[in-house]
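S.K.: Fold the following for me, if possible:
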Amino acid sequence: MRATRPTPLRGVAKLGPGTLQSHWTRQVTDALTDAHTATETARAAQQTALDPNLLVDLRDRYDKAVGSGIVHNRHRDWHDGNHPGYTLARWLATHADQVWHFTTHLNVDWTSNAAERGVKPAKRHQAVSGYWQTHATLNRWCLINSYLTTTRNHGLTVLDAITRALTGQPWLPTPATAA
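M.R.: Predicted coordinates for the structure are as follows:
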């Protein structure tokens, strides 16, 4: 199953459907999606790295597509400064090592969804209530939420984690051993 197109690329592609705009964004998306598929395959095979030749090929496709986005959009006028296609292409070029981090560190997820999920409840509360009462309240909420998320990621239910914490036997991660 192919992953969906990342939102910023989709937004820029909509600015020129069927044109060079949608072409370069599709090429970037395809290169990243193929890289994601390759990392998933490597993980499933318990490999520690991607084939270097494959990685060079994927990165070359990405770099060429991003370069096309820069060239295609650098002189295009936009009502409040640089064209969004140019801005995105420059960002993708500048931060390419961060974008491709998941291909050299296979234990890293290819999206930032997990990090965004962690922030979403606090932002939702702020949007609904308008504010947090104090920074101390927000800090306590973040600490508890972080603990519950971590325990859930290690196989405990939220109820088990709370019960263990309230009975004086909180779950704690196993310390890493020195290699």
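S.K.: quick check, Ala49 in a helix?
M.R.: No: counting by DSSP: H, G, I helix; E, B strand; the rest coil, Ala49 is not found in a helix; it is coil.
S.K.: Contacts only, for it.
M.R.: By CB atoms under 8 Å, 6 or more residues apart in numbering, the contact set of Ala49 is 42, 104, 106. From N, CA and C alone the C-beta is placed, and that goes for glycine too.
S.K.: List the contacts of the first one.
M.R.: When you say that, I think you mean Ala42. Shown in contact with Ala42 (CB under 8 Å, 6+ apart): 49-50, 106.
S.K.: So which of those residues is the closest to Pro84?
M.R.: Pro84 lies nearest to Leu50 out of the contacts of Ala42, by CB to CB, at 31.0 Å.
S.K.: Let me know the pLDDT of that closest one.
M.R.: Among the per-residue scores, Leu50 holds a pLDDT of 93.
S.K.: Ala65: which of the contacts of Ala42 is nearest?
M.R.: Nearest member of the contacts of Ala42 to Ala65, counting by CB to CB, is Leu50, at 19.0 Å.
S.K.: was I right about the closest one contacting Phe102?
M.R.: No: contact criterion CB atoms under 8 Å: Leu50 and Phe102 do not qualify, at 10.0 Å.
S.K.: residues shared between the contacts of those two?
M.R.: Going by CB under 8 Å, 6+ apart, residues that sit against Leu50 and also against Phe102 are 35, 39.
S.K.: Now the host helix or strand of Val71: buried residues?
M.R.: Element membership for Val71, per DSSP states H and E: helix 52-73. By neighbour count on 16 or more other CB atoms under 10 Å, the buried set for helix 52-73 is 55, 58-59, 61-62, 65-66, 68-70, 72-73.
S.K.: nearest to Asp97, of those residues?
M.R.: Arg59 (10.1 Å).
S.K.: can you pull the contacts of that closest one?
M.R.: Counting by CB under 8 Å, 6+ apart, Arg59 has contacts 31, 96, 100, 103.
S.K.: Show me which of these are buried.
M.R.: Applying 16+ other CB under 10 Å to the contacts of Arg59 flags 31, 100, 103 as buried.
S.K.: and the second one, what is it in contact with?
M.R.: Taking CB under 8 Å, 6+ apart as the definition of contact, the neighbours of Trp100 are 35, 59, 62.
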